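Participant: Sequence plus the predicted model coming up.
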Amino acid sequence: MSENPRRSKNPVKTLMRTLGYVIKGYPIACIAVLICLVMSSVATAVGTMFTKTLISEYIQPMLDGTLAQDVGFAALASAILNVAIFYLIGVLCNLSNEQIMVRVSQGTLKKVRDSLFEHMEKLPLSYLDSHGRGDIMSVYTNDTDTLRQLISQCIPVIISSTSTLVSSFVSMMILSVPLTLVALVTVTAAVFTMRALSKRSATFFRRRQKDLGAVNSFIEEAVAGQRVIKVFCHEDKIKEEFDKKNGTLYDSTRFANGFANLIMPIMGNLSYLNYVIVAVVGGTLAINGAAGFEIAMLVPFLQFTRSFNMPISHISQQINSIITALAGSERIFALLDEPVEEDDGYVTLVNAKENADGSITECEERTGLWAWKHPHSADGSVTYTRLRGDIVLEDVDFGYLPGKTVLHDINIYARPGQKIAFVGATGAGKTTITNLINRFYEIQDGKIRYDGINIKKIKKADLRRSLGMVLQDTHLFSGSVADNIRYGKLDATDEEVYAAAKLAGADYFISHLPKGYDTEITGDGANLSQGQRQLIAIARAAIADPPVLILDEATSSIDTRTEAIVQRGMDSLMEGRTVFVIAHRLSTVQNSSVIMVLADGRIIERGSHSELLEEKGVYYTLYTGSK
Amino acid sequence: MIRKLAKFIGEYKKISILSPIFMALEAILEIMIPYLMASIIDDGIKVGDKAHIIQTGLLMILMAILSLGCGAAGAICACKASAGFEKNVRSAIMDKIQKFTFSNIDKFSSASLVTRMTTDTANVQMAYQMIIRVCFRAPIMLLAALVMSFISNWRMAFIFVGAIIVLGGALAVIVSKSFPKFEYVFERYDDVNEKVQENLTGIRVVKAYVREEHENNKFKKASNFLYRKFVEAESIAVLDSPVMSFTMYTCMILIFWFGASLIVKSGGVDMQVGQLTSFMSYTMNIMFNLMMISFIFVMLTIAKTSAERIVEVLDEEPDMQSPENAVTEVRDGEIVFDHVNFSYSKNPDNLNLEDINIRIPSGYTVGVIGGTGSGKSSFVQLIPRLYDVTDGSVSVGGVDVREYDITTLRNKVSMVLQKNVLFSGTVKSNLLWGNENATDEQIRQACRSAQIDTFIEGLPDGYDSEVEQGGTNFSGGQKQRLCIARALLKEPKVLILDDSTSAVDTKTDAAIREAFRQYIPDVTKIIIAQRISSVSDADMIIVLDEGRIVDYGNNDELLERCAIYREVYESQKKGADFDE
């Protein structure tokens, strides 16, 4: 989503936030992991340090004869037992550390996924419409994957490498300060070599990432357009172009991987150099009888110089993955930081019953009668307004982008039970108007009232509950056919589901499906025809039984015969409700109470079918087909 | 399968062999070094021989440099070889896809083809790099360390034999227990992603029905399940680390004890202090390389699935080829279907087209109508031989389509597909697909006929305007018209429009047909449409239903005698479309 998706813009902040996520979620586990990691490197260090004791206090004295063998071995046995206890603690720490880490990293990922999803559900449509689905999907897949890498691999490796580094360093200092300084010189050299190498390799990695992106999008395009390529006999051209891109990728891959793989042999062998230098210096001093330089000290010290370089190369190997992972978590956080849909509404929809005097009071049980509960902050009183389905738009202006108004001066009065039709060219603003009524988008100017209440005062959830929608593109969810119909009313009984399907005219085809109402729907209903999907969507709206309906029908891809069936379903659904219908075919429009003709975001004609015909305006031309 | 893929090593065979040789050399050198280290201590420092320390030290540095050289050379060779291998595999898949026919394409979804060329090839590349770098190195290292420890002290070396058996066995158990669980988890992973996908596409429905909570609960259930299964699989897999440290520590303890007693009991003859360090180094080497081997095993198993998926594409045989002595000249646009049966699945009991007999004279304008699934697209796709008939024959210009050179045929039978696409580049580069030598005037003329010239010329960059991937910066109707222009540039003898003006308004649609009449009168034009107005003025209208030709004739004839045509006509004749 950013211009360079592989680079994190603010790595430190992102890292801190990621760590915060982990630590806040699992404070005790994190402390336990830290302790375990330190303990296991201490255990290793203790073991290596023991070689000094082993040589100076047992082997040498026994060889010299200053320590009797039977006494010596008995003491040695108990000393080794001590080390073994340390080792055992080390193993146990390692075991629990790994087990805790699995739960921490997977748990954090689960939390990230859940909050991403929860947040996504709350995002305004303006965000979701303007951002590619592929981009959002890749936050869930690629970016959470790199985050997993970061939490379960990079961070533990860095912690354990650092503690190994520290424990080795401390042990070396204990053994001999001057030799440690000698060792540090070569280690510093190693670190610098490493940095130079990493920098080069990072450059190549970025280039490779770019070339890979080019090849991947070429592949996607070529595969998606394969049939067109065939029809135009363009196969050789495509192949040629692909080979060129593929060749470039080969070059950058070769260099990027080559550099990355050089790190290990270089670091490994530099540690031998370190070893030799320390051995020569230490050995010379020992031979010359310098104080404290004895073989029992040199043996473990040399061992430590070896284990000193290892963590450095481990850390450097993690750097590339950390950079990638941070770019990923940055995208995750960016999505989580997107502002959610605003909802300042306080008017709610409640079950109500009518009293003898005609007034309305709230009640618990479902009565079939609904009312708007309107608390007034001024005097603390509450009024109830019966839900009728009266919708008024007054002087509404709207634009998707500030300064670019696409709807001008829209005035619509829809009385309960009326049918309002919108006709007009693609892009005239028909769908946009319906998006304003349910507050998918917010109007810029003017007012929309529902039963006399400004819809801005109504809680969005309640507003939408009072509006049914059948949308242009039908979307179904995985689950059974019955589940999908029940989507309109989650607690609907089977009978209600069947009744809704019958009303929509969907009952016939559903009962002919292999498993009837239990047929599983997969991949957005790919196993059903367009018309069948639309019928299920109509049934879904029917079961919700809202007083106001918005029908944004799309029939351009449905053949005429299927359309006739869908139309029948629509007709029975519309009975007795306030309906906004976006019409495509004339038959739907004719018997509307009012027809609005839209052009360029304005209502240019309005009236009933016969009135508009008399007017002999745009509607007349469209209807008669005369040009 | 391995043999099939091995073919693609190709020109990288030499370095593919060199790499493991370098790696093996590196391994042997690296294993020699601890031996020298012991010698520095035992024969140098302990006995006070400074010259020996420096000599051995220099030898060690020399070996380290050699080992560095070998390691670096091995790494570079391996990377080059594996990148080259990947390049060849990817290129081979692309080559294969280019040779695919429509029926081959039907077998693979485009998403799966993309995955095969990206993720799967990357997995195979990783595996190949592993094979040539580590597959030899790790066992050699293991073996060499074992041999060296036997040379140093055969009694102590038995500790390692035991360790290898214990750790090797444990790792094998861990891998075999956890791997199937991981496979299962990755399948479930798709479920979670599907839920997200579903909510992204259906977000309007979710919001309209206020089902955010409901969806959250559904998602949480799926993600919770995924979490549990992941933990189940991973908690087994991560056992390898404690098992390894346990084995390593046990080795250390044993080395301490037996090492000390060997040194003391033999008075420093059978074993020396310095050798203790070399044994410690070998412990590390052996354990680490055992881990590597188990890791390779996992990698290879993952790569195996990927390799299978790649080979599946490579094994798919294109089921159509140009014949020998192919006809390379198309006489005219006459089309004859003679007792044609056609089935996508090549199953005579499940025909998509049945007994089609029709003759379309050259230069005719033909409309094809019928409901969804009536076989309209199948019918026209047989003409440029995108599919082969199951029975009977289709001929163009008096010659059976199977006798033509395929390129010749498809250049002369130009088709605008239902699902048409533009490619990234410019408007012009897309149009040139039709004819790469087209002059600017020819391009303009084609665009004029397709009623898109005014639009393009109104763009800031005109014909050089950028087209984004998938043509997303153009509307549906604009794309359709560009595709028509592209098809016209081929100067075909037959032009087929498969529902290619559905997003174009009625007026423009009519203008396009008028342009066809005026500029390309001799070309046979076949138009599939939902809109009756798009076909009603055709010379001949073919009505298809359930894979059969119900009737054909002109508008008036059909209105008189064909019930289906009449039904469609009646429902649409009342006025034009509002969506204009």
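Facilitator: Happy to help now that I have it. Numbers count the residues shown, from 1 in each chain, chains lettered A, B, ... in the order given.
Participant: Pop out the phi and psi values for the closest residue to chain A within the stretch 101-250 of chain B.
Facilitator: The nearest approach of the stretch 101-250 of chain B to chain A comes at residue B:202, 3.3 Å away (C-beta to the nearest C-beta). C-beta: built from backbone N, CA, C; applies to glycine. Phi and psi for residue B:202, reported as degrees, to the nearest 10, are phi -100, psi 20.
Participant: who are the neighbours in contact with residue A:400?
Facilitator: Contacts for residue A:400 were tallied using C-beta atoms under 8 Å, 6 or more residues apart in numbering or on different chains; they are A:126, A:406, A:441.
Participant: out of these, who's nearest residue B:36?
Facilitator: The closest of those to residue B:36 turns out to be residue A:126 (C-beta to C-beta; 70.1 Å).
Participant: burial count for the closest one?
Facilitator: 15 (other C-beta atoms under 10 Å in any protein chain shown).
Participant: just to revisit the earlier point, which of the contacts of residue A:400 fall in helices?
Facilitator: residue A:126 (DSSP state H).
Participant: The contacts of residue A:400 into JSON lines, with extra columns for distance to chain B and pLDDT?
Facilitator: JSON lines is the format used below for the contacts of residue A:400 (distance: C-beta to the nearest C-beta, whole Å; pLDDT from 0 to 100):
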{"residue": "A:126", "distance to chain B": "12", "pLDDT": "84"}
{"residue": "A:406", "distance to chain B": "16", "pLDDT": "86"}
{"residue": "A:441", "distance to chain B": "11", "pLDDT": "90"}
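Participant: what's the burial count for residue B:11?
Facilitator: 10.
Participant: I'd guess it is in a strand, am I close?
Facilitator: No. Membership of residue B:11 in a strand is not supported by DSSP: H, G, I helix; E, B strand; the rest coil, which gives helix.
Participant: Which residue, neighbours along the chain excluded, lies closest to it?
Facilitator: Closest residue to residue B:11 in three dimensions, ignoring its sequence neighbours and counting by C-beta to C-beta, 6 or more residues apart in numbering or on different chains: residue B:84, at 7.0 Å.
Participant: I'd like the next helix or strand past the helix or strand where that neighbour lies.
Facilitator: Per DSSP states H and E, residue B:84 falls inside helix B:50-99. As assigned by DSSP H and E, the chain's next helix or strand after helix B:50-99 is helix B:102-107.
Participant: What is the burial count for the residue nearest to residue B:11?
Facilitator: 23.
Participant: Kindly list the main-chain dihedrals of the residue nearest to residue A:372 when sequence neighbours are not counted?
Facilitator: In space, and not counting its chain neighbours, residue A:372 is closest to residue A:385: 4.4 Å by C-beta to C-beta, 6+ apart. Dihedral pair for residue A:385: phi -120, psi 130, per degrees, to the nearest 10.
Participant: likewise residue B:283?
Facilitator: Dihedral angles (degrees, to the nearest 10) for residue B:283: phi -60, psi -50.
Participant: State whether residue A:219 and residue B:120 are indeed in contact, as I suppose.
Facilitator: No. The criterion here is C-beta atoms under 8 Å, and residue A:219 misses it with residue B:120 at 11.7 Å.
Participant: What segments of the stretch 451-600 of chain A are helices?
Facilitator: Along the stretch 451-600 of chain A, the segments classed as helices by DSSP state H, counting those that start in this stretch run A:460-465, A:481-486, A:494-504, A:507-511, A:530-544, A:560-574, A:586-590.
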